[in-house]
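Asker: My questions are about this predicted structure, shown below with the sequence.
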Amino acid sequence: MQTIRLFTALAAFASVMFFVSEADAGLCGVPSYASCPTAACAPASCYTACRVVNETCYRSVCETVYEPEQYTVQRTVYENVFEDVQQTSYRAVTETAYRTENYTVCRPVSETAVREEAYTVQRPVWETSYRECNYTVQRPVVEEHVRECKYTVMQPVCETVQQQYQQTVMKCVTETVQQERCYTVMRPETRTQCVRRMSGEWVTQTQCVPGRVIPRVVFGPWGPSVCMTQCPPQQVARRVWCPRVIEQQVACTVMVPQVVRQQCPVQVTRYVPETVVRTVPVQVTRMVPKEMVQRIPYRTCRMETETRVQRIPYQVCRLVTEQKTRQIPYTVCRMVTETKSREVPYCVTKQIPYTSTHRVCKVVPKQVEATCTRMVAKQVVRQVPYTRSYLVPETVCGSSMCAPCGDGSGAGNCPGGNCGVTEVNRPLVPEPDSVPAK
């Protein structure tokens, strides 16, 4: 369809260019129609022109949206279980024994003696004496006086005046409006999911257990001795659980949310401004001058001279000689011989049995529920606008019988100076279809 429209536009454009080129060639290019009035250049017959029309269309685009979905699965968790097993063993213990041994030592003994020594000291003796000192002081004398001070104060006088003022209040108006509400309804939907179920069987396994170590008395050339001997191994059979996973398709019902729209009447309250005129008594205060007298007391201070006598003490030091005796201790050391005994340690080794407990690990399977999340694809259709351009054919007729347009200024019978003739010198270019990118 677009190819046919393009060919039609090109044919119209070629015909117009053919007429123009033929008129120019007939006069050898000397005269030209570029300077003539529009009424003189109007065609004498009808012709077909194409007009470009733009139209906005919509098309449906399908998109894939992924939504998360949670489901529960059973998985196997293996736990380690420990069992206590007791075992008797022997260990060599070294003990310390003691024997008594006598030895002789020399111990120093210190004795303290005292001797007398005479010495001479001089002790200071302090005596207090006084001297008289005359000095002059000035004593302040305070006198009380009063003076008068006149001043003017502004005394307030209150009057009540009635005053009007306008106030805008919001008046409450209630209206009922239909409002659309959306709520979600859960609808049941049957789906099939794969469920894994744990199964298995008991298998008997044979295990070789090493024999325990026991002491045994062996007679040799130097007498009997204890030798640790290991018993032969034993074959132990035990049953082991072998798990196996079985997949099974199970039908389940899930609740799918669905949005439902409903028109509900809702009362809406709005406020309308309203002007109210009120008369309010207002209290006005004006100031009235008033003269007042204040008595201000004040003090004056004068200084009087006075002579005083002060006794100043001072210290006199003299040294007095005295004889004293002191005791001086000194230490005398002598050696004393003593006999002492000590404990000498030596080692004794012996075998002591003990019981030890060791833990044996065993794996036990366990079923645990786990919640997983998967993305579910969903197709969503939306409308996408795009612009489509196409050519519309029109028939244009020029009349040679119309009145002249005057001097070409458009002041005659044809407003605009073209006498109803469509411009044909401009080529028509078709616009391609423009589709917005997704």
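Answerer: Yep, it's here.
Asker: residue at max distance from the center of the protein?
Answerer: The centre of the chain is farthest from one residue, residue 323, which by Cα atoms, centre = their mean lies 91.5 Å away.
Asker: Nearest spatial neighbour of it, chain-adjacent residues omitted?
Answerer: The shortest distance from residue 323 to any residue other than its chain neighbours is 5.8 Å, reached at residue 120 (Cβ to Cβ, 6 or more residues apart in numbering). C-betas here are computed from N, CA, C, even on glycine.
Asker: quick one: which helix or strand includes that neighbour?
Answerer: Using DSSP states H and E, the element containing residue 120 is strand 46-209.
Asker: Starting from that strand, tell me which strands it pairs with and how they run.
Answerer: Sheet pairing for strand 46-209, assigned by DSSP bridges, gives strand 234-397 (antiparallel).
Asker: What is the neighbour count of the nearest residue to residue 352 once chain neighbours are set aside?
Answerer: Taking Cβ to Cβ, 6+ apart as the measure, residue 352 lies nearest to residue 93, with 4.8 Å between them; neighbours along the chain are not counted. Other residues near residue 93 come to 11 when the count uses other Cβ atoms under 10 Å.
Asker: per-residue confidence at residue 93?
Answerer: Taken from the predicted model, the pLDDT recorded for residue 93 is 83.
Asker: The one 5 residues further on now?
Answerer: The predicted local confidence for residue 98 comes out at a pLDDT of 85.
Asker: And for the residue lying closest to it once chain neighbours are set aside, the neighbour number?
Answerer: Taking Cβ to Cβ, 6+ apart as the measure, residue 98 lies nearest to residue 343, with 4.1 Å between them; neighbours along the chain are not counted. By the measure other Cβ under 10 Å, the count of residues near residue 343 is 9.
Asker: shaky segments in the stretch 301-438 of the chain?
Answerer: Within the stretch 301-438 of the chain, the ranges that satisfy pLDDT under 70 run 398-438.
Asker: what do you get if the cut-off is 80, keeping everything else the same?
Answerer: Scanning the stretch 301-438 of the chain for pLDDT under 80 picks out the ranges 358, 396-438.
Asker: same check, this time on the stretch 101-250 of the chain
Answerer: Residues of the stretch 101-250 of the chain that meet the cut-off, pLDDT under 80, sit at 165, 218-223.
Asker: Isn't the residue nearest to residue 323 up against residue 321?
Answerer: Yes - the pair residue 120 / residue 321 is scored as a contact, 6.4 Å apart, by Cβ atoms under 8 Å.
Asker: Give me the pLDDT value at residue 269.
Answerer: Looking at residue 269, its pLDDT is 86.
Asker: For it, list the residues it contacts.
Answerer: The contact partners of residue 269, by Cβ atoms under 8 Å, 6 or more residues apart in numbering, come to 172, 173, 174, 175.
Asker: cutoff 6 Å now
Answerer: Applying Cβ atoms under 6 Å, 6 or more residues apart in numbering, we find residue 269 in contact with 172, 174.
Asker: Can you name the residues bridging to it?
Answerer: With DSSP bridges applied, the residues forming beta bridges to residue 269 are residue 174.
Asker: can you check residue 168 too?
Answerer: residue 275.
Asker: So it is in contact with residue 273, correct?
Answerer: Yes - between residue 168 and residue 273 there is a contact at 5.3 Å, judged by Cβ atoms under 6 Å.
Asker: ok, now how distant is the residue nearest to residue 119 when sequence neighbours are not counted from residue 123?
Answerer: Sequence neighbours aside, residue 324 is the residue nearest to residue 119 in space, at 6.0 Å (criterion: Cβ to Cβ, 6+ apart). Between residue 324 and residue 123 the distance is 10 Å, computed by Cβ to Cβ, to the nearest Å.
Asker: And the residue nearest the centre of the protein?
Answerer: Relative to the centre of the chain - Cα atoms, centre = their mean - the closest residue is residue 68, sitting 25.5 Å away.
Asker: Name all residues that make contact with residue 191.
Answerer: residue 254.
Asker: Let's see that with 10 Å instead.
Answerer: When contacts are counted by Cβ atoms under 10 Å, 6 or more residues apart in numbering, residue 191 touches 69, 71, 250, 251, 252, 253, 254, 256.
Asker: Then residue 275?
Answerer: Contact analysis of residue 275 by Cβ under 10 Å, 6+ apart lists 166, 167, 168, 169.
Asker: Give me the distance between it and residue 146.
Answerer: When distances are taken as Cβ to Cβ, residue 275 and residue 146 turn out to be 64 Å apart.
Asker: Residue 113 now?
Answerer: In this view, residue 113 and residue 146 are 95 Å apart by Cβ to Cβ.
Asker: Kindly report the same for residue 52.
Answerer: Relative to residue 146, residue 52 is positioned 112 Å away (Cβ to Cβ).
Asker: Looking at the two, which has the bigger crowd around it?
Answerer: Here residue 52 and residue 146 are compared on neighbour count by other Cβ under 10 Å; more neighbours surround residue 52, at 14 against 8.
Asker: okay, that one: pLDDT?
Answerer: Reported pLDDT at residue 52 in the predicted model: 85.
Asker: Hmm, it is touching residue 388, no?
Answerer: No - with contact taken as Cβ atoms under 10 Å, residue 52 and residue 388 are classed as non-touching, separated by 11.2 Å.
Asker: check contacts around the residue farthest from the centre of the chain.
Answerer: Remark: with contacts taken as Cβ under 10 Å, 6+ apart, residue 323 is in contact with 118, 119, 120, 121.
Asker: For the last one, name its beta-bridge partners.
Answerer: In this structure, residue 121 has the following beta-bridge partners (DSSP bridges): residue 322.
Asker: ditto for residue 305
Answerer: Assessed by DSSP bridges, residue 305 has beta-bridge partners residue 138.
Asker: And for residue 55?
Answerer: Residue 55 has these beta-bridge partners by DSSP bridges: residue 388.
Asker: Distance of it relative to residue 64?
Answerer: Counting by Cβ to Cβ, the gap between residue 55 and residue 64 amounts to 30 Å.
Asker: returning to that earlier point: just among the contacts of residue 191, which is most surrounded?
Answerer: Each of the contacts of residue 191 was scored for neighbours by other Cβ under 10 Å, and residue 71 scores highest at 15 neighbours.
Asker: tell me the contacts of residue 152?
Answerer: Residue 152 is in contact with 289, 290, 291, 292, counting by Cβ under 10 Å, 6+ apart.
Asker: Quick one: the residues you listed as a markdown table, columns for pLDDT and distance to residue 378 too.
Answerer: Formatted as a markdown table, the entries for the contacts of residue 152 read as follows, by pLDDT from 0 to 100; distance: Cβ to Cβ, whole Å:
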| residue | pLDDT | distance to residue 378 |
| --- | --- | --- |
| 289 | 88 | 91 |
| 290 | 86 | 93 |
| 291 | 86 | 97 |
| 292 | 85 | 95 |
